[in-house]
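Chemist: using only what follows, build the 3D model:
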Amino acid sequence: MGNIAFLIAFIVIPIIALWRLKSVTWTLVVTFLSVGFVGAFVQVSAAFGTRWTMVGLQWALTAAMLIVLVVAVVGRNPRPVPWRIQVSSLLLPSAAVLGFLIVSRVLAPAAGPFADVGYFVLNRGAEDNADWLDFTGRLASGGPVDQITILGGPLQLLLVFTATLAATLSLLAFGGINEVLVAADSVLYAQFFLAALAPMAVAPVAERAFASRSSDKRKTVVSPVAVWSGALVLSVMSIAAMGFGHLSMQFTFVTVTLWFGAFWITFPMPRIRVVTTAIFALTSLVWFPLAPVAFIALAAYGAKFLVDLLQRRRIDWVSVILWATAVVLVAQPMRRALMYIFLTTSTALPTSLLGGGFGRSVVSAIRTPALILLESQGGTEIVGPILGVMSAAAVLGGGAVLLGSRKQAGWARYVPVAPMALLLGYGIAIATFGTWYAGSGPNYGAVKTIMLTTAAGLAVTLPVALAPLGQWSVRLSGRRAATSPLTVVAFAAVIFLLVVDGVLPRAMIRVAPDSWRETYETFGEDRKGYWWPAEVRAVADQPIATNPVACIYFPPGATEPAAGPDGQLTYSCSRILMGLAGKDSEGQPVVDWLRREWLNNEDAWTNEWPNLRNMPRDLLTRQVILLNDSNEVVGLESLESLLDRYRPEWAIGQPLFEAQPQ
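Modeler: Predicted coordinates for the structure are as follows:
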């Protein structure tokens with residue numbers, strides 16, 4: 001019953017906050033700030049030795065929700081937003097996205113409502129899913145969540161919410177908590193949740209009234225159809241990211257869009273800019289390449305506070321406290337991220353450039369940044385020419401509508417675009433000078449940063465750019481809203497451009513019903529999908545500790561286990577199953593062995609045998625799925641048994657765990 005009580009709190013409190021604050025913007029900002037602060041505390045405390053379990057993290061998330069409740073009850077929104085605007089512009093699109101995702105899952109061919117292991121196994125290009133499954137696997141098993149690669153604290157709390165939802169559904173459906181179901185489905189639910197939440201991130205634009213010209217005293221609200229255009233871009237990019245397992249990117253889509261929107265539109269919420277900057281800094285814990293940008297943003301606000309104190313002799317101490325709290329909580333993780341990004345390495349220079357023996361002594365002391373981020377590789381969505389042109393046009397069009405109405409001078413005129421310029425400048429810098437420095441590229445971090453900036457920028461600028469297409473007419477509680485058939489045509493044009501670009505069709509592929517193949521997939525009359533022994537079963541008790549942890553080829557008559565004939569299949573399957581078991585780091589030798597055989601096209605069992613044998617004993621007792629050359633399951637066997645039966649020549653006759661080369 002504990003999971004049900006926690007789930008009720010996690011769902012009901014944000015609803016109460018929305019009802020009390022009467023603004024999606026207020027509710028999102030307060031919730032993300034609270035979850036960010038508590039999540040950062042969880043991450044920092046874990047780094048200093050605190051061992052969190054699922055129950056402990058559920059209480060941490062409950063504390064974050066109680067902070068939201070207190071703010072909702074005590075605080076007051078001086079400019080409540082009419083419900084018709086919130087529903088038509090924000091809640092309806094989010095409900096539409098969530099409904100579409102649920103329908104896609106329900107229409108899956110006979111896989112069952114909870115059989116989602118196959119979805120991850122068959123999505124071979126989404127290796128990052130193993131990291132999220134490793135976390136949820138440890139959560140579901142009930143033990144301490146000890147990870148070598150620690151997820152950002154805010155993202156951990158999101159996964160705790162979806163794990164609580166999965167556990168509750170398991171309890172209601174089967175009468176008990178199926179650990180494999182909780183581990184697998186909580187990651188999928190998190191992906192769905194963030195894709196459905198994306199339209200709400202446009203809230204600062206949708207809920208803010210503004211004058212479209214400096215001489216126009218009438219206020220207008222951006223048409224719901226125009227808001228849908230920005231929401232559509234963000235949701236499509238979020239769903240497309242699911243194809244690569246980029247859950248952290250889906251999280252940053254929402255928080256960065258809120259940050260952009262708070263600056264782009266002067267929203268009537270006290271301190272919204274410093275609050276969303278703090279949220280962005282906390283987001284850098286979720287995706288570490290954002291750490292340099294977060295550092296600059298926090299430093300800029302620190303300088304602003306200092307200038308206010310020295311020149312104006314006044315300072316907003318509430319903003320200072322919020323800023324200082326964010327700085328304290330992100331300091332340790334950000335320091336580690338920056339050290340990793342700017343890790344130094346020795347650089348050798350020709351002695352002739354430095355001269356004599358003194359030059360030789362200087363060579364060993366010269367160190368330059370290795371900038372590992374610049375050489376990182378990986379699959380990701382990219383910004384094509386169509387999206388790039390759309391983004392530039394939206395910024396220019398939206399800027400012409402908004403910035404012309406503001407009577408500002410000096411640097412204040414550039415504040416609305418400061419976050420976009422900062423993040424885009426960072427992405428361009430590592431895509432150009434970073435490529436030059438590394439000698440290869442464009443690198444993974446640059447491509448993802450530019451994609452993030454483009455998606456979030458389009459989401460907040462496109463609705464405003466489309467606003468002039470409407471006609472002035474009284475709408476929505478007496479204010480004026482730009483609505484016209486031309487706005488609908490523009491929305492259709494956005495859909496057309498997303499189709500031509502290819503990102504919309506790719507997003508549809510990511511959630512197509514066929515992505516969930518049948519648990520017992522039919523290849524012939526009585527053949528089954530190769531992952532079926534590890535799939536979720538409709539039972540109340542399916543411990544993670546008994547689930548297989550790898551797929552390997554071992555047809556009858558084989559002389560030793562192998563990755564081939566389809567090395568990518570066994571590698572991808574094993575990476576996901578190791579993560580699902582909560583053994584992503586401990587099981588790395590298995591993944592390394594399969595990858596070596598796959599990429600090098602060599603037999604590596606004998607060479608990798610010592611590394612495999614040295615894995616933790618509890619992992620060696622776990623079973624692996626044995627496949628024949630037709631991808632049929634021919635049996636299950638423990639890793640320890642395989643290592644004992646198929647030894648290198650030098651290990652024959654010696655105790656398994658004491659064998660050493662002679």
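Chemist: ranges for the helices of the stretch 1-150 of the chain?
Modeler: Ranges of helices in the stretch 1-150 of the chain, per DSSP state H, counting those that start in this stretch, are 2-21, 24-47, 54-74, 83-86, 92-106, 117-122, 129-141.
Chemist: between the ones you listed, which one is nearest to Val205?
Modeler: Smallest distance to Val205 across the helices of the stretch 1-150 of the chain (Cβ to Cβ): 9.3 Å, for helix 24-47. All C-beta spots, glycine's among them, are computed from the backbone N, C-alpha and C.
Chemist: which helices and strands does that closest one pack with?
Modeler: Helix 24-47 sits against helix 2-21, helix 54-74, helix 153-174, helix 203-206, helix 247-264, helix 272-283, helix 317-341, with contacts defined as 3 or more Cβ pairs under 8 Å, 6 or more residues apart in numbering; DSSP states H and E.
Chemist: quick check: mean pLDDT across it?
Modeler: For helix 24-47, mean pLDDT is 93.
Chemist: next, the angle from it to helix 153-174.
Modeler: Between helix 24-47 and helix 153-174, the angle comes out at 100 degrees (axes from the mean of the first three to the mean of the last three Cα atoms, to 10 degrees).
Chemist: verify the stated contact: Ala446 with Ala431.
Modeler: Yes. Assessed by Cβ atoms under 8 Å, Ala446 is found in contact with Ala431 at 3.6 Å.
Chemist: what would the helices of the stretch 1-150 of the chain look like in JSON lines with mean neighbour count and distance to Pro416?
Modeler: Shown next, in JSON lines, are those (neighbours: other Cβ atoms under 10 Å; distance: least, Cβ to Cβ, whole Å):
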{"stretch": "helix 2-21", "mean neighbour count": "17", "distance to Pro416": "24"}
{"stretch": "helix 24-47", "mean neighbour count": "23", "distance to Pro416": "16"}
{"stretch": "helix 54-74", "mean neighbour count": "18", "distance to Pro416": "26"}
{"stretch": "helix 83-86", "mean neighbour count": "18", "distance to Pro416": "22"}
{"stretch": "helix 92-106", "mean neighbour count": "16", "distance to Pro416": "24"}
{"stretch": "helix 117-122", "mean neighbour count": "24", "distance to Pro416": "41"}
{"stretch": "helix 129-141", "mean neighbour count": "25", "distance to Pro416": "35"}
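Chemist: sketch out the low-pLDDT regions of the stretch 251-400 of the chain for me.
Modeler: Along the stretch 251-400 of the chain, the parts satisfying pLDDT under 70 run over 343-378.
Chemist: ok, back up a step: which one of the helices of the stretch 1-150 of the chain lies nearest to Leu577?
Modeler: helix 117-122 (7.5 Å).
Chemist: give the other helices and strands that the closest one contacts.
Modeler: Counting by 3+ Cβ pairs under 8 Å, 6+ apart, helix 117-122 packs on helix 179-197, helix 567-580.
Chemist: find out how far that helix is from the centre of the chain, if you would.
Modeler: 18 Å (Cα atoms, centre = their mean, to the nearest Å).
Chemist: which residues does it contact?
Modeler: 111, 126, 129, 133, 180, 184, 187-188, 515-517, 519, 521, 529, 531, 534-536, 572-573, 576-577, 580 (Cβ atoms under 8 Å, 6 or more residues apart in numbering).
Chemist: hmm, try it at 6 Å
Modeler: Applying Cβ atoms under 6 Å, 6 or more residues apart in numbering, the contact partners of helix 117-122 are Asn129, Ala184, Ser515, Trp516, Arg517, Trp531, Ala534, Glu535, Val536, Cys573, Ile576.
Chemist: over to stretch 42-50?
Modeler: Counting by Cβ under 6 Å, 6+ apart, Ala60, Gly153, Leu285, Gln332, Pro333 sit against stretch 42-50.
Chemist: I figured the third one was touching Pro333, is that so?
Modeler: This means Leu285. Yes. With contact defined as Cβ atoms under 6 Å, Leu285 reaches Pro333; the gap is 5.1 Å.
Chemist: between those two, which is the more surrounded one?
Modeler: A side-by-side neighbour count of Leu285 and Pro333, using other Cβ atoms under 10 Å, places Leu285 first with 28 against 21.
Chemist: apart from its chain neighbours, what residue comes closest to that one?
Modeler: Gly152 (3.7 Å; Cβ to Cβ, 6 or more residues apart in numbering).
Chemist: and for Val55?
Modeler: Gly2 (7.3 Å).
Chemist: low-confidence stretches in the stretch 101-250 of the chain?
Modeler: Scanning the stretch 101-250 of the chain for pLDDT under 70 picks out 110-111, 147-150, 209-221.
Chemist: tell me how many other residues crowd the nearest residue to Phe10 once chain neighbours are set aside.
Modeler: Excluding its sequence neighbours, the residue lying closest to Phe10 (Cβ to Cβ, 6+ apart) is Phe161, at 5.2 Å. Neighbourhood size, Phe161 [other Cβ under 10 Å]: 22.
Chemist: give me the distance between Glu560 and Ser104.
Modeler: Remark: distance between Glu560 and Ser104 (Cβ to Cβ, to the nearest Å) = 42 Å.
Chemist: unless I'm mixing things up, Phe263 is touching Pro416, no?
Modeler: Yes. Using Cβ under 6 Å, Phe263 is in contact with Pro416, at 5.3 Å.
Chemist: rewinding a little: Serialize the helices of the stretch 1-150 of the chain to a markdown table and add fields for distance to Ala324.
Modeler: Below are the helices of the stretch 1-150 of the chain laid out as a markdown table (distance: least, Cβ to Cβ, whole Å):
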| stretch | distance to Ala324 |
| --- | --- |
| helix 2-21 | 25 |
| helix 24-47 | 12 |
| helix 54-74 | 17 |
| helix 83-86 | 33 |
| helix 92-106 | 34 |
| helix 117-122 | 41 |
| helix 129-141 | 30 |
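Chemist: out of those, which is closest to Ala291?
Modeler: Using Cβ to Cβ, those put helix 24-47 closest to Ala291, at 13.1 Å.
Chemist: look up how far Asn178 lies from the nearest residue to Trp52 once chain neighbours are set aside.
Modeler: Spatial nearest neighbour of Trp52, excluding adjacent residues (Cβ to Cβ, 6+ apart): Val145 at 5.3 Å. Val145 sits 19 Å away from Asn178, going by Cβ to Cβ.
Chemist: out of the two, which sits in the more crowded spot?
Modeler: Asn178 (28 against 24).
Chemist: poorly predicted segments of the stretch 401-550 of the chain, please.
Modeler: Checking the stretch 401-550 of the chain against pLDDT under 70 turns up 403-411, 438, 440-442, 470-483, 517-528.
Chemist: mind checking how far the residue nearest to Trp609 when sequence neighbours are not counted is from Leu619?
Modeler: In this structure, Trp609 finds its nearest non-sequential neighbour in Pro648, 5.4 Å apart by Cβ to Cβ, 6+ apart. Remark: distance between Pro648 and Leu619 (Cβ to Cβ) = 20 Å.
Chemist: pull the contacting residues for the nearest residue to Cys573 once chain neighbours are set aside.
Modeler: Of all residues not flanking Cys573 in the chain, Cys551 sits nearest, at 3.7 Å (Cβ to Cβ, 6+ apart). Residues in contact with Cys551 (Cβ under 6 Å, 6+ apart) are Thr570, Cys573, Ser574, Ile625.
Chemist: JSON lines for those, including neighbour count?
Modeler: What follows is these, written out as JSON lines (neighbours: other Cβ atoms under 10 Å):
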{"residue": "Thr570", "neighbour count": "30"}
{"residue": "Cys573", "neighbour count": "27"}
{"residue": "Ser574", "neighbour count": "26"}
{"residue": "Ile625", "neighbour count": "24"}
